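A.B. asks: Please find the sequence and the predicted model below.
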Amino acid sequence: MLKQQEKKREIIDVVARLLSSRKFFYITIVFFVFQAAWIALSGLYPMAFDENTHLGIIRIYANHLSPFWSRQPEGTVVLGAITRDPSYFYHYIMSFPYRLIDDVFRTEMSQVLVLRFISIVFFVCGLLLYRRVLKYSKASDLTVNVVMALLVLTPVVPFLAAQINYDNLIFALCGLIILLTLQISERLNWTYAKSLVPGDNQLEREQSHLKEKRVKVHRKRENCLQPRLVGLGMRELATDPVEQGQIDAKRILLVIIVGLFASIVKYAFLPIFIAVLVWLSFDLKKYGGGAIFRLFVNSFRKIVWPVKTILVILLIIGAGLFTERYGINTLRYHTPTPECDQVLSIEQCLEYGPWRRNYLTHQDKINGKLTVNNASDPISYTLKTWAETMVYKLFFVSNGPASQFWIGNPLPVPLALATGFGIVGVLLALCWQRELRKKYKLGLFGLLTGVYVMVLWGQNYMDFLHIGYPFAIQGRYLLPILPFVYLILVLAMKAQRHTSFALSHCPRSHLNGYKLPSLTQHNYSYASLGLKVFACSVATWHQRLSAKLVRQLKIGLAVTILFILFIQGGGLVTYIVRSDQTWYWPNQTIVNINDTARKILKTFIIGS
């Protein structure tokens, strides 16, 4: 028995080391590239996520050197009002590689494949950046790697990455700006002495006073703290951290530059840009206005002149392009993102598919011809329409116009796992949110997730009220914040050390198994009572298990979920199982490979 237990522990340790290693992450990246490349090589152009629109606009910019337009180019109304569309920079920069491949590759298939693989590169860059971002949360390498594996096993992720679409570039730019923000924030939050010297009340009072009067008394702070810190063996903190240049001018400029350019790649990036600026403004607030400017200038002067010149040029270009679209649109149309009929005539806009769909549906609503009856109150809309559709479209696949956008439904096992994982994870996160905030750095992730989801939901809901039908609810729109959602859910489910917190909030009668707490005795609402009972049950279960056994169970659960997703429909598998010959290029080799793979997979996939 002892030998068997030792072998089990050794196996668990080996698996844990593998899941925690960089090798596992690189295997995840290679597997992701394999999935996306398979779909890119198989999928008939245009694929579902507006590939024809994106490539069409790229081709227009390929014949136009400037990103500016004086009038709508002839024959382009089918692509919308491109002259004032603020989401254009992806098409503009992709027009340059298209110019090169247009002379080398003469067939449309070869041109499309090259652009698809560029999009895959964008997404891989995003995965590399997001892994670095998630590590700032203080989550373990094992947790971060599992989150990234769950992400690439979400069917819509490789399906989107394989297409010509600006969402791939936005994913990378979101990872970049969030990483820069975390690096700046870490340098700004420099007051470590208090946490390093627990119980020194005099030092705590000094630091509290200096935090409030940082600028006016920074010389006094240096004089009073330096001897104490040197004496405590913390010479690296003895000099004034502000004078050390904790305000990083280069990274602050990069945040602004990336934000400006990303905002003209896709206007949906604006909430993330604003949330990042708000976060940094609160971090900078403690220095005072005058000190911020002085320290920024001092830091800027230390940048080598070639880098300084490039940063200034990029800042000027980014600000100019941003203002040309959002500024002029606001002045001319009283909105930064004008509708097609504000720029072009209704007759012209009717040739643009998405606008025509919305316009005709709205007319049917006005004339009482709209037969679809969706609940319009916010709660019913959110629970019955928005959330359900979002989850559904994270796990579905769809063909392009070749089969009228025929939808391949999610496979049952991944969808059921995702639903259960989400519900349990949300409940645990609500129960133990205080301890999660104490242990992990999730503030920026929570802010970005909350702001982005609220803005996305608000846009969808307002469109629904106006049009009368819930269009444009797409799971892929959640990708910029999906790693944060997965991280929080995984942390909530693996929170072994939260047991003491949960037990401290549980009535003794419940822990002893006799009876549930009454509402009047503990002043609970029915909702909070349910969460409390749930938390206490999990905490009691944790208490009865040894720490090693709990760790083994968690690692085993993670491996089991990843394995089941892998063999039952995660990632590429859903595309292969749900597709048919109308989804593929007219190439017999491609068709045969997918048909063979589908036949093999259907022998063991449930619900295929």
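C.D. replies: Arrived safely.
A.B. asks: quick one: low-confidence ranges for the stretch 201-350 of the chain?
C.D. replies: In the predicted model, the stretch 201-350 of the chain carries pLDDT under 70 at residues 201-245, 289.
A.B. asks: And the chain, by the same measure?
C.D. replies: Looking at the chain by pLDDT under 70, you get 1-5, 8, 190-245, 289, 372-374, 496-557.
A.B. asks: Show me the strands in it, by range?
C.D. replies: Counting by DSSP state E, the chain has strands at residues 397-398, 407-408.
A.B. asks: deepest of those strands, which one?
C.D. replies: For the strands of the chain, the largest average neighbour count (mean count of other Cβ atoms under 10 Å) is found in strand 397-398, namely a mean of 23. For every residue, glycine as well, the C-beta is placed using N, CA and C.
A.B. asks: Contacts for that one next, please.
C.D. replies: Strand 397-398 is contacted by residues Ala48, Pro155, Val156, Phe159, Phe405, Trp406, Ile407, Gly408, Thr574, Tyr575, Arg578, Ser579 when judged by Cβ atoms under 8 Å, 6 or more residues apart in numbering.
A.B. asks: distance of the fifth one from Thr582?
C.D. replies: What that stands for is Phe405. 11 Å (Cβ to Cβ, to the nearest Å).
A.B. asks: Find the residues that touch each one of the two.
C.D. replies: Common neighbours of Phe405 and Thr582 (Cβ under 8 Å, 6+ apart) are Asn399.
A.B. asks: picking up where we left off before, would you mind putting the strands of the chain into CSV with distance to Lys439 alongside?
C.D. replies: Output for the strands of the chain, formatted as CSV (distance: least, Cβ to Cβ, whole Å):
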stretch, distance to Lys439
strand 397-398, 38
strand 407-408, 40
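A.B. asks: Mind checking those for the one nearest to Asn587?
C.D. replies: Comparing these against Asn587 with Cβ to Cβ, the closest turns out to be strand 397-398 (19.6 Å).
A.B. asks: for the closest one, the distance to its chain's centre please.
C.D. replies: Relative to its chain's centre, strand 397-398 lies at 21 Å (Cα atoms, centre = their mean, to the nearest Å).
A.B. asks: Where is the longest helix in the protein?
C.D. replies: Assignment by DSSP state H gives helix 108-135 as the longest helix of the chain.
A.B. asks: Show me what it is packed against.
C.D. replies: helix 22-42, helix 51-62, helix 89-104, helix 141-152, helix 156-161, helix 166-188, helix 482-493 (3 or more Cβ pairs under 8 Å, 6 or more residues apart in numbering; DSSP states H and E).
A.B. asks: Can you give me the buried ones in the longest one?
C.D. replies: Right, helix 166-188. By neighbour count on 16 or more other Cβ atoms under 10 Å, the buried set for helix 166-188 is 166-185, 187-188.
A.B. asks: Show me what that helix is packed against.
C.D. replies: Counting by 3+ Cβ pairs under 8 Å, 6+ apart, helix 166-188 packs on helix 89-104, helix 108-135, helix 156-161, helix 249-263, helix 270-285, helix 443-467.
A.B. asks: Check the ones you listed for me and report the most buried one.
C.D. replies: helix 156-161 (a mean of 26).
A.B. asks: contacts for it?
C.D. replies: Under Cβ under 8 Å, 6+ apart, the answer for helix 156-161 is 32, 35-36, 39, 49, 119-120, 123, 151-152, 167-168, 393-397, 475-476, 479, 571-572, 574-575.
A.B. asks: make it 6 Å
C.D. replies: With Cβ atoms under 6 Å, 6 or more residues apart in numbering as the test, helix 156-161 has contacts from 35-36, 120, 123, 167-168, 394, 397, 475-476, 571-572, 575.
A.B. asks: Mind putting those residues into TSV with distance to Leu100?
C.D. replies: Shown next, in TSV, are those (distance: Cβ to Cβ, whole Å):
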residue	distance to Leu100
Gln35	27
Ala36	22
Ile120	18
Phe123	21
Asp167	23
Asn168	19
Leu394	35
Val397	31
Gly475	34
Arg476	28
Gly571	31
Leu572	30
Tyr575	30
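A.B. asks: Between the residues you listed, which sits nearest Thr53?
C.D. replies: When the contacts of helix 156-161 are compared against Thr53 (criterion: Cβ to Cβ), the nearest one is Asp167, at 12.7 Å.
A.B. asks: That closest one: what's it in contact with?
C.D. replies: Leu160, Arg476.
A.B. asks: next one: the one 10 residues further on
C.D. replies: With contact taken as Cβ under 6 Å, 6+ apart, Ile177 is in contact with Val255, Val258, Gly259, Val276.
A.B. asks: which of those lies closest to Met94?
C.D. replies: Nearest member of the contacts of Ile177 to Met94, counting by Cβ to Cβ, is Val258, at 17.8 Å.
A.B. asks: what about the helices in the stretch 201-350 of the chain?
C.D. replies: Applying DSSP state H, counting those that start in this stretch to the stretch 201-350 of the chain gives helices spanning 201-212, 218-231, 249-263, 270-285, 289-301, 305-322, 328-333, 340-343, 346-349.
A.B. asks: out of those, nearest to Ile366?
C.D. replies: Closest among the helices of the stretch 201-350 of the chain, using Cβ to Cβ: helix 346-349, at 14.5 Å.
A.B. asks: Quick check: buried residues in the closest one?
C.D. replies: Residues of helix 346-349 classed as buried by neighbour count (16+ other Cβ under 10 Å): Gln348, Cys349.
A.B. asks: now that helix, how far from the centre of its chain.
C.D. replies: With Cα atoms, centre = their mean, you get 35 Å for helix 346-349.
A.B. asks: Val485: neighbour count?
C.D. replies: Val485 has 19 neighbouring residues, counting by other Cβ atoms under 10 Å.
A.B. asks: can you pull the contacts of it?
C.D. replies: Per Cβ under 6 Å, 6+ apart, neighbours of Val485: none.
A.B. asks: Repeat the analysis, applying 7 Å as the threshold.
C.D. replies: Thr449 (Cβ atoms under 7 Å, 6 or more residues apart in numbering).
A.B. asks: Quickly note the distance from it to Leu383.
C.D. replies: Computed as Cβ to Cβ, the Val485 to Leu383 distance reads 17 Å.
A.B. asks: Tell me, how many residues neighbour the residue nearest to Phe34 when sequence neighbours are not counted?
C.D. replies: Sequence neighbours aside, Leu572 is the residue nearest to Phe34 in space, at 7.6 Å (criterion: Cβ to Cβ, 6 or more residues apart in numbering). Using other Cβ under 10 Å, Leu572 is surrounded by 27 other residues.
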